[in-house]
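Asker: Predicted structure and sequence below. I'll ask about it afterward.
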Amino acid sequence: MSNHIRITKQFSFETGHALYGYDGKCKNVHGHSYKLSVTVIGTPISDPNNVKFGMVIDFGDLKKIVKEEIVDVFDHATVFNQNTPHVELAKELKDRGHNVLLVDYQPTSEMMVIDFAKKIKKRLPNHINLHSLKLQETDTSYAEWFAYDNI
Ligand SMILES: Nc1nc2c(c(=O)[nH]1)N=C([C@H](O)[C@H](O)COP(=O)(O)OP(=O)(O)OP(=O)(O)O)CN2
Ligand SMILES: [Zn+2]
């Protein structure tokens, strides 16, 4: 019998964005208190001499990866699609000392969660797989990425 276990760590960060060309209020620069749940899957370490005995991955090690790749980059930044005229607004804000992040996609929840999945997968140890991500933009809206939807 295998013992594959999913473990999840939750994060939150405040990020501004604007959806260039969108036909609603989210074309305006505004922000969200994003909540991100990161779920990985693996087998708990079975060697009692290993300091991480019984763990799939130390929650602290998962936290370090997600903080470095996502939270520290996106928190209190404003994200713009670099393929739109918003790049000019971004330059102006940057020149005035604001924390601006240019990405090569429309910064919707869907596209951000795809970007996050790529970044987290690259940092995980070989024996740990990314199972899913849930990115909550508002109390009532979220996007999810699942590994088995993307094989
Ligand atoms: N499929 C998507 N639709 C929308 C996105 C998105 O990322 N993916 N983003 C936005 C806006 O950025 C913003 O999040 C507004 O979302 P919405 O849920 O419509 O927010 P409201 O506050 O109006 O929601 P209610 O809870 O219904 O009041 C827009 N769409
Ligand atoms: Zn928004």
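Answerer: Alright, I've got the coordinates. Ligands and ions are numbered 1, 2, ... in the order given.
Asker: Please, which helix or strand holds the spatially most central residue of the chain?
Answerer: Geometric centre of the chain, nearest residue: F116, 3.8 Å, by C-alpha atoms, centre = their mean. In this assignment (DSSP states H and E), F116 forms part of helix 109-123.
Asker: pull the CA atoms of the helix or strand that that helix is followed by into PDB?
Answerer: On the C-terminal side of helix 109-123, the nearest following helix or strand under DSSP H and E is strand 129-138. The C-alpha coordinates for strand 129-138 follow below in PDB (Å, rounded to 0.1, in the frame of the first residue of the first chain):
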ATOM      1  CA  ASN A 129       4.900  16.900  -6.600                       C
ATOM      2  CA  LEU A 130       2.700  20.000  -6.800                       C
ATOM      3  CA  HIS A 131      -0.900  18.800  -6.500                       C
ATOM      4  CA  SER A 132      -2.900  22.000  -6.700                       C
ATOM      5  CA  LEU A 133      -3.100  25.700  -6.100                       C
ATOM      6  CA  LYS A 134      -6.100  27.800  -5.100                       C
ATOM      7  CA  LEU A 135      -5.800  31.500  -5.600                       C
ATOM      8  CA  GLN A 136      -8.600  33.400  -3.900                       C
ATOM      9  CA  GLU A 137      -9.000  37.000  -5.300                       C
ATOM     10  CA  THR A 138     -12.100  38.000  -3.300                       C
END
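Asker: Quick check: closest non-adjacent residue to F13.
Answerer: D75 (3.9 Å; C-beta to C-beta, 6 or more residues apart in numbering). For every residue, glycine as well, the C-beta is placed using N, CA and C.
Asker: Same question for M112.
Answerer: According to C-beta to C-beta, 6+ apart, the nearest residue to M112 is L135 (6.0 Å).
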